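Asks: Quick one: sequence and predicted model below, then my questions.
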Amino acid sequence: MNRFVRGSIVVLVLLLAGVGSPVSGEPEAPRYGGVYIKNNIYSEPRSMDPIYALGASTIMVQMNIFDGLVRVDADRNSVVPDIAERWTHSPDGKTFTFYLRKGVRYHDGTEVTASDFKHQFERTVNPDNLSPHMARLTGVVGLKAFQEKLAKEISGIAALDKYTLRISMEKPNILLPYYLTGTWASAVPQQVVERLGKDFGTRPVGSGPFVFESWARGRELVLRRNPSYWRKDKRGNRLPYLDKIVFRLIQDMSAVEAEIQTGTLDSAYIRASAYLKYKNHPLFKRHLVEGVEFYTLHIGFSLDAPGVPWRDKRVRQAINYAIDRKAIVDVVLHGMAYTATGALPFPALADDQTLKGYEYDPDRAKRLLVEAGFPNGFSAKITTTDSPNYVSVVEAVMGYLKVVGIRLQPEILESATARARIQEGKFEWYYSGLGGEGHPLIYMQRAFHSRYAGPGGNHTRYRNPRIDELLDRAAETRDANTMMRMVREAERIIVDDAPWWFFGYLKGVVVQQPYVRGLRAVPIDMDWQPLEEVWLAWPPKRR
């Protein structure tokens, strides 16, 4: 029996299985049990230690093992309580006090305390640990003295008692709760971390809905249900519903499609190459979860490299004029993105009519190159991952730039290797996406503030004192409208400076089996699903 016939039979079985689903119109009651299998198409997670929480492949797993003081509501994209049942801030916006729930326990049975959070924050900003999140707590009283080893602790982070944590800032920063929604700010048991040392990254202990069970590198990572998890659903049912979650490392999209077809994967984030297939599939077209993600696809230019043509702003502007974004989105990505006018992926700002961005104008690009002293163009190397989406975009870009005399040599690397090279600044150009942030100001800080130059997110090493000043002032203001005016002003300057080729805002698409419930369009990242709320309406008939 050939693969096409086998696949058709399985699809028929799945269609028939859907006949038994409720049709009364009443909300389905969540069903407990079952093993949920999803793919991870990106790369091997780096570590399960939250201080190294970077990239979707890592965070999608960590967020199900750990809890933080606060979290992002996936539906409203707002900060809501987590282990901290409430928090307050002083009238001047400098002091935040978090009040922890009593009785929240780690997977080893010990209780989560305020001192655990203090210890975790000090681990994160300790330069010896090389966490990419060291800049997240900039402005906390006593941070500099701690990092320079002039103090044994951060004086501005204090465990007032077992369940009360106070964080004091040098300047007002009402965005602090947004920063603390990151997985890096999770609760970890201090005694376990100190006992295991670096091994904590492969033997993690958190307080989240699922317990780490096993990790077969290159194959799969398995989590099991935490029977003592404290959270409940809206009906008062204890979470999570699933017995286990299996994250399978399958980067080949054809293999992903085959496993979705045969029912051995319950859901999968899909690439543009498969988008139209599933949009028109007789079964799966009704089981797609899709929406805009807060990621901006871009080419970043190494601005620290001495004597290169793209140190000249006119060259970077020429590159932005030379490429037809819409054609690449429509033809190469099959519409699975939105063309960008600037850096911010957030729809409210992307629709700002005062920011026009760069139109496709190859003649203007050629004139700018002549003005910059490169009438015959130049050569450059562009680094990207071996993702088919990324490779196809780079190939299209190469064609457009060749017309204006810029000759690109692609450097295609495995995802983890490419990410490391980009973070370390070992590139001339790179093509990638940046996102995973829930607030426009935090996104702009991470992407373009000099404080984040390097692994923190500002991979181009873009440095502009005016941008630093605007973003710092925006963080200190108490008025949301004033803050956003400063963010918009900073974006206009950045678009003119063109440290990126601004390509597109990502559309995320997940295909799921008919029995999967609880997945939703998460704008921060479609793979950052709160899996404690996912359940299987009926047992899958796995092959």
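Replies: Great, that's in hand.
Asks: beta partners for residue 298?
Replies: residue 432, residue 502 (DSSP bridges).
Asks: so it touches residue 502, yeah?
Replies: Yes - the criterion here is C-beta atoms under 8 Å, and residue 298 meets it with residue 502 at 5.8 Å. Where you see a C-beta, it was placed from the backbone N, CA and C, and this is true even at glycine.
Asks: Next, show the common contact partners of these two.
Replies: 340, 343 (C-beta atoms under 8 Å, 6 or more residues apart in numbering).
Asks: Could you pull up the contacting residues of the residue positioned nearest the centre of the chain?
Replies: By C-alpha atoms, centre = their mean, the chain has its centre lying nearest to residue 436, at 3.1 Å. By C-beta under 8 Å, 6+ apart, residue 436 lies in contact with 56, 59, 294, 295, 524, 525, 528.
Asks: same question, residue 285
Replies: Counted by C-beta under 8 Å, 6+ apart, residue 285 has contacts 278, 279.
Asks: and the nearest residue to residue 248 once chain neighbours are set aside, backbone torsions?
Replies: Leaving aside its chain neighbours, residue 248 sits nearest to residue 220 (4.8 Å; criterion: C-beta to C-beta, 6 or more residues apart in numbering). Backbone torsions for residue 220, taken as degrees, to the nearest 10, come to phi -160, psi 160.
Asks: what about residue 220, how many neighbours?
Replies: 16 (other C-beta atoms under 10 Å).
Asks: got a pLDDT number for it?
Replies: pLDDT recorded at residue 220 is 92.
Asks: what's the distance between it and residue 166?
Replies: Distance from residue 220 to residue 166, counting by C-beta to C-beta, to the nearest Å: 41 Å.
Asks: Residue 90 too?
Replies: With C-beta to C-beta as the criterion, residue 90 and residue 166 are 10 Å apart.
Asks: So for these two, which residues contact both of them?
Replies: residue 96.
Asks: mind listing what residue 207 touches?
Replies: 66, 67, 83, 104, 105, 106, 107, 112, 187, 230.
Asks: tell me which element the first one is part of?
Replies: Think residue 66. Using DSSP states H and E, residue 66 is not contained in any helix or strand.
Asks: hang on, it packs against residue 205?
Replies: No - the criterion here is C-beta under 8 Å, and residue 66 misses it with residue 205 at 9.2 Å.
Asks: shaky segments in the stretch 201-350 of the chain?
Replies: 346-350 (pLDDT under 70).
Asks: same question, the stretch 51-200 of the chain
Replies: For the stretch 51-200 of the chain (pLDDT under 70), the answer is 74-77.
Asks: any idea where the helices of it begin and end?
Replies: 56-62, 114-125, 143-147, 176-179, 190-196 (DSSP state H, counting those that start in this stretch).
Asks: Which secondary structure elements does the last one sit against?
Replies: Okay, so that is helix 190-196. Packing contacts for helix 190-196, counted by 3 or more C-beta pairs under 8 Å, 6 or more residues apart in numbering; DSSP states H and E, involve helix 114-125.
Asks: Now do the domain split for this protein, please.
Replies: Annotated domains of the chain cover 67-189, 293-506 [automatic domain parsing].
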